[in-house]
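Enquirer: Fold the stuff below for me.
(2 chains, ligands or ions: 4)
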Amino acid sequence: MDQSVTLKIDGRDVTVPAGTTVLEAARMAGIEIPSLCNHARLLPAGLCRLCLVEIEKVRGLQPACASIVREGMVVHTDTPAVQHNRRMVLELLCTNHPLDCPVCDAAGDCRLQDYVFRYGRTTSRFVEEKRRKGKAIRLGPAVILDQERCVLCQRCVRFCEEVLDDRQLAVFQRGASSRISTMPGAVFDSRFSGNVVDLCPVGALTDRTFRFKARNWELTGLPSVCALCPVGCRMTEEGREGRLLRVRGREAPEVNDGWLCDLGRTGYGFTEHPNRLRHPLVRRDGHLEPASWDEALTALARGFGAVIEKAGPRAVAVLGSPRLTNETAYLLTRLARALGTGNVDYRLGTAAPAPAQATLSDLRQAEVILLFQGDPSEEAPILELWVKQAVKRGGRLYIVHPRTLALERYATGAYRPRPGSEAVLIAGILSMLEQGKPGSLPLEWREAVSGLGPTQVASLTGCDREAIRLLAEALVGSPRAIIAYGAGLRDEQTLALVAALAKATGARLLGWDGGPNSRGVADMGLLPDRLPGRAPLADAAATAALERLWQAPLSCQPGLSATELWPEMRRGEVRALYVAGADPVTQAPNPQLVEEALAHATFVAMQEAFLTPTAERFAHVVLPAAVPGEEDGSLTNLAGGVGWQRALIAPLGEARPSWRIVADVAKALAAPGAWEYADAAQVLAEIAQAIPAYAGVEVVTTGGYFDARYEYEYALTDQPPAAPAPARVAGTGDLALTTGPVLFDRDIMARHAPGVVGRAAEAFAAIHPEDAERLGITDGAPIEVRGLFGALTLKARVSGACAQGTVFVPEELSELSVNRLGAQPGVVVMVEVKPLAVRPD
Amino acid sequence: MPFSEAAQRELQEIIQRYPDKRSAMLPALAIAQREQGYLTPEAYRWVAEALDTSPTWVASVASFYTMLRKEPAGRYLIQVCTNLSCSLLGAKPLLDHLRQRLGIDVGETTPDGLFTLTTVECLGSCATAPVMQVNDRYYEQLTPERIDEILAGLRREAGTCGDDRTAEGHS
Ligand code: SF4
Ligand code: SF4
Ligand code: FES
Ligand code: FES
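Expert: Ligands and ions are numbered 1, 2, ... in the order given. A predicted model of the protein is given here:
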């Protein structure tokens, strides 16, 4: 039971929960006590002495931020002694402060300014020369430090220590010379570095991408969500005169709790990139040329119309992307089904994530976390913080991953199964559970895994038998266990096994892939064999409800998946393709096949913000799409939390919101049903009607939190699952390829944000030191990695983090198409790696 | 420059004495300074690893102490006391004398890398003021003549046998 405590502050009775600080209690009562070092998400430090108050029966002034309320306590926040202290602290802070407010980014949003204004002296008694310290120090890629403006509150230092557990900043020297710095020569390069700018109460820490862009009072802001990774951090977009200038974290305990990663913070520069598409393009005589929207939509209608007339609607396919908002994905699904085709998908070499069972708050409090084939630090950064927090609270972390992750130093157990044997490892645990306690396994899995004895599992995976048993025990033994799978899990079979493991152990599932809105897009039904809400096509009630809503008969035929699509297109069975936000030539697992197929297509239309290689070579019509920051829309994060992304600025040039483009295309194609929507919110309202799990989702448009987690039996097919076996091997090289997203070089959007560009490593391949030595490869040297469809020239990164016998190549690398190497779900690709002679220059 | 095995052993031995490894921070830094003459990021990393803490934190602690050097010093580090007793007995003119003889200012090192001149607060030897410390040795009741002798002696010791007046030539 929460106990409450009643105290008196400035003569007023205030009742607050026990354990509250006096500072917080006063705030709750609407009494302001000035404070600089205190921050709600950091531990009290009592450093700045600005918050001193009088507490009766306690000698001397007391720091309100570090005093816990007691029953009957009597606090005075406005006595002459308190006022004198405030004046003195502020006067001392100002002695050496440069008072360069006119050129300070924080002006107008600075605690020192506000407090001096409210509580300070009106004149200065200080006539001496001010102490000089470092100005405009580039602490790291995202943050600039002005040591003279610093009030030494140590919020930045405490953030590094308490939240990151990565002490990159500290106070150096002493007394009046004290200053914040990194270690000499070191760079503040945390992926979360920008948060210290939000935390700094003054203008000592500034945001490199925002510096000198605008005064605080000129900015307008909107609450939004970050669209760059599956976490969907709550943030605020700020800008002026049609420009998005800054992104800051927003309080949201259930998601990011105010923190952002640097990709989110600095990644929105793409809005202004000169390569953005500003008007529609139509191919004439082999060249894409600017056209009006009318011309483009007419060309599109003619192109699709001709194909449908000649070959029927099933000759049309729709390919979406996990970058789409729910609204765009929903309308695409609806468009495809209304046209009469089931050929809709968005998965290019990934599996649709199973619906989430755990929330991010659950993750922060988990007792046991199994991190399976995912690297939060690169794929969903905020999760790195939450996993650390869970461990700090006593949780145990187990990691199954081909590489050594940054989080491994927090792990109780780390497993590195042979590439392709991950499913066997999970099946082995399942079979172990069933043996230990018969009946613990879902029926359909019993037979499939029963043949897998522990010895066999150990020899197939290369993992220690006893260690596997410990993992099984940990999962079963805790009511607060979470299985979190990441972007490394790409095939549906392994996902189904992981889901079975969750079911058998009572652990809750949480998962993501490389796409920011994969979960939402899958929920919207952008899948060949599912309806919106992931109902099976055979679900008559769901179909009838949708037909009523859409005023159109539905095509309930299962269509082609994005994998099945290309051979059919090459054979001429599928002739027209509509692509939204995807770039199959660089993203699909088999680029050769994709290129041949696209070359055979009669008509290809795309909506995109940049001209992708696919569009450049194959599109007949390209429609310019808005980017995040320019369009409203909802995103469903990896924990099923729906967020509302806002348009702060208008789409560039003639670009239109992505959802509107789909509606315009539907109208141009005369697709059955009504396609008039005033705005994205109206589409969302329809989603709320179409998908039971999203009923009520409209609250997100007014700032509410909506949890779209729902019960969903994860079944691969209606067939009983096959016995898991090590994955098929392709390729003739001798190193197994592993791949995955890296934070600062993840897709076409990030590549067009100036704040991110410098942070991406040069296109590299990581290789174990022993393999490197055997192959005569040195760190940093150019190497060739040859895969199924070609070779890439990359820079070698010799690292023990990479398991022996494997080579890691990031998934989307600058302009290189890593898909030339042929990584594909459920297949181990063996690549050939060799050193390249260094050119003499 | 790697740290010697003796230094490693000594550090491990000191760490044993404390219930919390990090308490060995100052002795550890002293060892590192003795090994390399001054503290470098490499030294911070060395200490941090041994004490299970972050190099930034070690560097931050080191920065608090002026006796922990962050820059290379000459072979002889001259620390002239300028606190009360020494000042009353002429530390200032002695310091000027040193400046002139060495041809450098406080905080600088002679071009031959032999001497670094610094000032310190009370060396705890007021009874024999004015005082200066050269590396680990104290020189007391200083006079300009005595200083010339000391410098000449140090030069001899270093095997350079230079002439004091070369420095004079600079000024
Ligand atoms: S830089 Fe800012 S946050 Fe850090 S100590 Fe100084 S004032 Fe505080
Ligand atoms: S963690 Fe993901 S959602 Fe959050 S700011 Fe970073 S990229 Fe955006
Ligand atoms: S806020 Fe209390 S001491 Fe700084
Ligand atoms: S004042 Fe110089 S030794 Fe004490």
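
Enquirer: Can you pull the phi/psi pair for residue A:288?
Expert: phi -80, psi 120 (degrees, to the nearest 10).

Enquirer: quick one: contacts for it?
Expert: Each residue near residue A:288 by C-beta atoms under 8 Å, 6 or more residues apart in numbering or on different chains is listed here: A:281, A:282, A:611, A:615, A:616, A:619, A:622. Where C-beta positions appear, they are placed from N, C-alpha and C, glycine not excepted.

Enquirer: Neighbour-wise, which one of the residues you listed leads?
Expert: Neighbour counts for the contacts of residue A:288 peak at residue A:622, which has 27 neighbours (criterion: other C-beta atoms under 10 Å in any protein chain shown).

Enquirer: That residue against residue A:611, yeah?
Expert: Yes - at 6.9 Å, residue A:622 and residue A:611 qualify as touching, with contact defined as C-beta atoms under 8 Å.

Enquirer: and the residue lying closest to residue A:402 once chain neighbours are set aside, helix, strand or coil?
Expert: The spatially closest residue to residue A:402, leaving aside those adjacent along the chain, is residue A:738, at 4.6 Å (C-beta to C-beta, 6 or more residues apart in numbering or on different chains). Assigned by DSSP: H, G, I helix; E, B strand; the rest coil, the conformation of residue A:738 is strand.

Enquirer: ok, and for the helix or strand containing residue A:543, which residues are buried?
Expert: Following DSSP states H and E, one finds residue A:543 within helix A:540-550. Judged by neighbour count using 16 or more other C-beta atoms under 10 Å in any protein chain shown, the buried positions of helix A:540-550 are A:542, A:543, A:545, A:546, A:547, A:550.

Enquirer: Can you give the contact residues for the next helix or strand after that helix?
Expert: Reading on from helix A:540-550 to the C-terminus, the next helix or strand found by DSSP H and E is helix A:562-570. Taking contacts as C-beta under 8 Å, 6+ apart, the residues outside helix A:562-570 that touch it are A:317, A:319, A:343, A:345-348, A:528, A:560, A:574-575, A:577, A:584, A:588-590, A:593-594, A:596-598, A:600-601.

Enquirer: Quick one: mean pLDDT over helix A:562-570.
Expert: If you average the pLDDT over helix A:562-570, you get 96.

Enquirer: Check stretch A:184-196 too.
Expert: Stretch A:184-196 comes out at a mean pLDDT of 96.

Enquirer: Can you list the buried residues in that stretch?
Expert: A:184, A:186, A:188, A:190, A:191, A:192, A:193, A:194, A:195, A:196.

Enquirer: ok, now stretch A:348-366?
Expert: Buried residues in stretch A:348-366 (16+ other C-beta under 10 Å): A:348-360, A:362-366.

Enquirer: Which stretches in chain B count as helices?
Expert: B:5-16, B:25-36, B:41-51, B:55-64, B:84-88, B:91-102, B:144-158, B:164-170 (DSSP state H).

Enquirer: Between these, which one is closest to chain A.
Expert: Smallest distance to chain A across those (C-beta to the nearest C-beta): 3.5 Å, for helix B:55-64.

Enquirer: In chain B, what residue lies closest to ligand 1?
Expert: residue B:60 (12.5 Å; C-beta to the nearest ligand atom).

Enquirer: burial of that residue, as a residue count?
Expert: 22.

Enquirer: That one against residue A:168, yeah?
Expert: No - contact criterion C-beta under 8 Å: residue B:60 and residue A:168 do not qualify, at 11.0 Å.

Enquirer: Any chance you could list residues touching both of residue A:622 and residue A:611?
Expert: Going by C-beta under 8 Å, 6+ apart, residues that sit against residue A:622 and also against residue A:611 are A:277, A:281, A:288.
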